[in-house]
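Participant: Any chance you can model this:
(chains A, B, C and D)
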Number of protein chains: 2
Amino acid sequence: MRDVDKQSGIYAVAAEAGVSVMSVSRAMRGVDGISAKKRDAILEIARRLNYVPNSNARALSQANADLIGISLPTFANDVFADVLEGTRGTIRRAGFSTVIDTTEYDPEAERRWVERLLSWRPAGLILTGVDHHSDVRSMLRDAKIPTLETWDYDPDPIDVVVGIDHVAAGAQLGTEIRKLGYEKPAFIGVARGHDARADKRLLGLRSVFDVPIARIATKPANSFRMGSEAMHQLLQDHAPDVVFFLNDHMAFGGLIAAQSQGLKVPDDIGVVGFNALDLNTVLPIPLTTMQTPRRVMGVTGARRLLARLNGVEGERATALPVTFVPGATTRLQNQR
Amino acid sequence: MRDVDKQSGIYAVAAEAGVSVMSVSRAMRGVDGISAKKRDAILEIARRLNYVPNSNARALSQANADLIGISLPTFANDVFADVLEGTRGTIRRAGFSTVIDTTEYDPEAERRWVERLLSWRPAGLILTGVDHHSDVRSMLRDAKIPTLETWDYDPDPIDVVVGIDHVAAGAQLGTEIRKLGYEKPAFIGVARGHDARADKRLLGLRSVFDVPIARIATKPANSFRMGSEAMHQLLQDHAPDVVFFLNDHMAFGGLIAAQSQGLKVPDDIGVVGFNALDLNTVLPIPLTTMQTPRRVMGVTGARRLLARLNGVEGERATALPVTFVPGATTRLQNQR
DNA sequence: CTGTTAGCGCCTTCAG
DNA sequence: CTGAAGGCGCTAACAG
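Facilitator: As a prediction, the model looks like this:
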């Protein structure tokens, strides 16, 4: 038998209000089954006592149906922030609360994150990318937790995926650039394996050009500086007529570096980014880049996940289109 | 009486291993009181069954001593990401796990966040800034949860604070700029009340200049574009000789805008940012700005909080110094 | 509308 | 070293 006069939590409020704990529980949750008068009195007392319900107890006594975990590679990239904005807004409006964490592009860290989150018995999970630690897939399928993968694309996702086919995007970008007459491409990004999506885009690029593509890898650091330093390094040994960058930030750094070496852009060398960041809209020389539908991706993905949460079975894998954005850092047309 | 053969959780593992749940509990936590042989056998079975302990149950049965909540205004700002990096790294290495969320500069959203986090009974909380919803202070003090405030400074924090005195920083910046002979300052930022720190810096600036400082407020959007648009707007009605911006991003946008109107920087007009972002290191014209010790702030704050968690009483309020960084967007010296 | 009862899954305590 | 009993704070299900 329980000590009904315990000092803490719902019992304290119940004692103070002279009602049962169930009435307090009903009042706090705002569910039916309690008179308005009693509810108001209880809420008033709860406020006075600074009572905060214990989510752990609540989650334990019923299926925790309102928590969604989101994992990103990093916060230091506007790209993920954009997707996240779309995702979170949609999810919140549906009444779920979110928990966010980053993996710093480390699959093992992502595995630990999945484990930690599963221990909270969330309603669903959102992962960035489709390349995970080998345990992750079985952990998630075993736990039967609806899972959304975003940003990347895989025809056979863990559960559902809404993203971009980066191989195709790379090929599309390469095709456009090649049309402009460029034939000595180079690629600047982080080392292979550090960014699966960039690796895929390079794969796509390589499928388009007949020549090998020089690849300069940099240590992860500030993107602007990385782009700048890698460009200097590249130009020591190579004479590319166009350089593809991992993203717009690095491309911008590379652009400045090329100009500081006296190269004329786009006449001497073309510079191509990826992502069409807002930075671009104010640059004196707008970058040639690829527009990725980040907010739409976030919203679409969130909706797909919410549908799954409601037991609706829909399309499992969706690849969103990307758009070539010609800027002033590449030639306007083939000038050969 | 309990059904000992329940299908889920620790009981399933115990049944499979032919031991009591306590042995499983001990094995999973890696605590003493169990033979190595039995522990290994249990762990093996747990892995095979994909057993994930239920954190809710764990947190309910004991004080949840390893969760720290972190709240930021937004993810769309490198500044907070830098502080966060320092904070999280330090906290993680100490064995705590973190939960992060954003408030979008909305005090009411922050209040809800505090409430939600308190419901999880965390070990500690980290808030950005010192200006909160009026309830927050009492909620946190009442819950007796160690709380760190960062980025801003207040001599009487909720619990402990490690940050920057933005009024003093504004005054310091204004003093340096005034030394260079500028006398018709303007300020470009978001509307008053949307960024308490920026308001404080403007206060500091105003304490230095004798003349009124024109203030252009923009709608929150992409910083580069905001800076650019506000600069155009400013130049329609005013003829400042120096413009202070909310941050480096906006300053960069403003710089481009000024140049596009044919103004020479720094001869016709000075442009001043805030934060000394890495962007600056590759810009063809480095911005005059203020260096803020963001990573150090994060690390120092985290250490202070960890000390509090261990019951150590130390300094409650710490203001970190900021450094003036003269760039090429202001004159080198007073030329009058 | 209101209250009582019996767990949710785990860990602390204490006895073997 | 091992296990049985009870409780953490809350809510579903049932009774009044």
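Participant: give me the low-pLDDT residue ranges for the stretch 101-250 of chain A?
Facilitator: A:219-221 (pLDDT under 70).
Participant: for chain B, what are the nearby residues on the stretch 101-250 of chain A?
Facilitator: Within the stretch 101-250 of chain A, the positions adjacent to chain B are A:101, A:115-116, A:118-121, A:138-139, A:142-143, A:222, A:224-225, A:227-228 by CB under 8 Å from any CB of the partner chain. C-beta here means a position set from N, CA and C on the backbone, and glycine is covered the same way.
Participant: Repeat the analysis, applying 10 Å as the threshold.
Facilitator: With CB under 10 Å from any CB of the partner chain as the criterion, the stretch 101-250 of chain A meets chain B at residues A:101-102, A:104, A:112-121, A:135, A:138-139, A:141-143, A:221-229, A:249.
Participant: Contacts only, for the most centrally placed residue in chain A.
Facilitator: Against the mean C-alpha coordinate of chain A, by CA atoms, centre = their mean, the closest residue is residue A:80 at 4.0 Å. Going by CB atoms under 10 Å, 6 or more residues apart in numbering or on different chains, residue A:80 touches A:70, A:72-74, A:87, A:102, A:128, A:150-151, A:294, A:298, B:75.
Participant: Those in strands, which ones?
Facilitator: In this view, these that belong to strands under DSSP state E are A:70, A:72, A:102, A:128, A:150-151.
Participant: Most neighbours among those residues, which one?
Facilitator: Greatest neighbour count in the ones in strands among the contacts of residue A:80, by other CB atoms under 10 Å in any protein chain shown, goes to residue A:150: 31 neighbours.
Participant: Look up the closest residue to it, ignoring the ones flanking it.
Facilitator: Take residue A:150 and drop its neighbours on the chain: the residue closest to it by CB to CB, 6 or more residues apart in numbering or on different chains is residue A:301, 4.8 Å away.
Participant: still on that earlier bit, in TSV: the contacts of residue A:80, plus distance to DNA strand D.
Facilitator: Converted to TSV, those look like this (distance: CB to the nearest atom of the strand, whole Å):
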residue	distance to DNA strand D
A:70	24
A:72	30
A:73	35
A:74	36
A:87	27
A:102	31
A:128	32
A:150	31
A:151	35
A:294	36
A:298	30
B:75	30
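Participant: Between those residues, which sits nearest residue B:203?
Facilitator: Within the contacts of residue A:80, proximity to residue B:203 (CB to CB) peaks at residue B:75, which comes in at 27.2 Å.
Participant: Once you drop chain neighbours, what's closest to the closest one?
Facilitator: residue A:81 (4.6 Å).
Participant: What residues does the one you found make contact with?
Facilitator: Applying CB under 10 Å, 6+ apart, the residues near residue A:81 are A:72, A:74-75, A:294, A:298, B:74-77, B:81, B:102.
Participant: Repeat that for residue A:161.
Facilitator: Residue A:161 touches A:127, A:129-130, A:147-155, A:301, A:304, A:315-319, counting by CB under 10 Å, 6+ apart.
Participant: ok, the closest residue in space to residue A:119 that isn't next to it in sequence - how many residues close by?
Facilitator: Leaving aside its chain neighbours, residue A:119 sits nearest to residue B:55 (4.1 Å; criterion: CB to CB, 6+ apart). Per other CB under 10 Å, the neighbour tally for residue B:55 reads 23.
Participant: Return the residues in contact with residue B:55.
Facilitator: Contacts of residue B:55 (CB under 10 Å, 6+ apart): A:56, A:59-60, A:64, A:116-121, B:64, B:66-67, B:97, B:120.
Participant: Of those, keep whichever come out buried.
Facilitator: Taking 16 or more other CB atoms under 10 Å in any protein chain shown as the criterion, what is buried in the contacts of residue B:55 is A:56, A:59-60, A:64, A:117-121, B:64, B:67, B:97, B:120.
Participant: could you dump those to TSV with distance to residue A:194 and secondary structure?
Facilitator: Below are those laid out as TSV (distance: CB to CB, whole Å; DSSP: H, G, I helix; E, B strand; the rest coil):
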residue	distance to residue A:194	secondary structure
A:56	37	helix
A:59	36	helix
A:60	40	helix
A:64	34	coil
A:117	24	helix
A:118	26	helix
A:119	28	coil
A:120	29	coil
A:121	32	coil
B:64	35	coil
B:67	30	strand
B:97	24	strand
B:120	34	coil
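Participant: so can I have a markdown table of those showing distance to residue B:48?
Facilitator: What follows is the buried ones among the contacts of residue B:55, written out as a markdown table (distance: CB to CB, whole Å):
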| residue | distance to residue B:48 |
| --- | --- |
| A:56 | 28 |
| A:59 | 26 |
| A:60 | 25 |
| A:64 | 25 |
| A:117 | 21 |
| A:118 | 16 |
| A:119 | 18 |
| A:120 | 22 |
| A:121 | 20 |
| B:64 | 28 |
| B:67 | 29 |
| B:97 | 26 |
| B:120 | 31 |
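Participant: wait, which of these is closest to DNA strand C?
Facilitator: residue A:60 (3.9 Å; CB to the nearest atom of the strand).
Participant: what's the closest non-adjacent residue to the closest one?
Facilitator: Nearest one to residue A:60, counting by CB to CB, 6+ apart, is residue B:56 at 4.5 Å.
Participant: So that neighbour versus residue A:122, what's the distance?
Facilitator: As judged by CB to CB, to the nearest Å, residue B:56 and residue A:122 stand 11 Å apart.
Participant: pLDDT wise, what is the residue of the stretch 201-336 of chain A found nearest DNA strand C at?
Facilitator: Using CB to the nearest atom of the strand, the closest approach of the stretch 201-336 of chain A to DNA strand C is made by residue A:309 at 19.5 Å. pLDDT, residue A:309: 90.
Participant: and it, backbone torsions?
Facilitator: Torsion angles at residue A:309 (phi, psi; degrees, to the nearest 10) stand at phi -60, psi -30.
Participant: need the contact list for it.
Facilitator: A:65, A:68, A:91, A:94, A:96, A:123-124, A:145-146.
Participant: Repeat that for residue A:189.
Facilitator: Residue A:189 touches A:195, A:197-199, A:201-202, A:215-218, A:226-227, A:230, A:244-247, A:250, A:274, counting by CB under 10 Å, 6+ apart.
Participant: Equivalent analysis for residue A:114, please.
Facilitator: A:69, A:71, A:103, A:125, A:127, A:132-133, A:135-137, A:139-140, A:143, A:145, A:147, B:52.
Participant: of all these, which comes closest to DNA strand D?
Facilitator: residue B:52 (18.0 Å).
Participant: which SS class is that closest one?
Facilitator: Three-state call for residue B:52 (DSSP: H, G, I helix; E, B strand; the rest coil): coil.
Participant: Quick check, it in contact with residue A:120.
Facilitator: Yes. Under the criterion of CB atoms under 10 Å, residue B:52 makes contact with residue A:120 at 9.5 Å.
Participant: How about the stretch 151-300 of chain A: which residue is closest to DNA strand C?
Facilitator: Closest point on the stretch 151-300 of chain A to DNA strand C, by CB to the nearest atom of the strand, is residue A:159, at 22.1 Å.
Participant: Can you tell me, leaving aside adjacent residues, what's nearest to that residue?
Facilitator: residue A:147 (4.1 Å).
Participant: Distance of the one you found relative to DNA strand C?
Facilitator: Distance from residue A:147 to DNA strand C, counting by CB to the nearest atom of the strand, to the nearest Å: 21 Å.
Participant: How about the contacts made by residue A:270?
Facilitator: Applying CB under 10 Å, 6+ apart, the residues near residue A:270 are A:177, A:180-182, A:184-185, A:240-244, A:258, A:288, A:327, A:329-331.
Participant: Can you show me the strands along the stretch 151-300 of chain A?
Facilitator: In the stretch 151-300 of chain A, the strands defined using DSSP state E, counting those that start in this stretch lie at A:160-163, A:185-190, A:214-218, A:242-245, A:270-272, A:289-291.
Participant: Which strands border the third one, and is each parallel or antiparallel?
Facilitator: Sheet pairing here is set by DSSP bridges, and for strand A:214-218 it gives strand A:185-190 (parallel).
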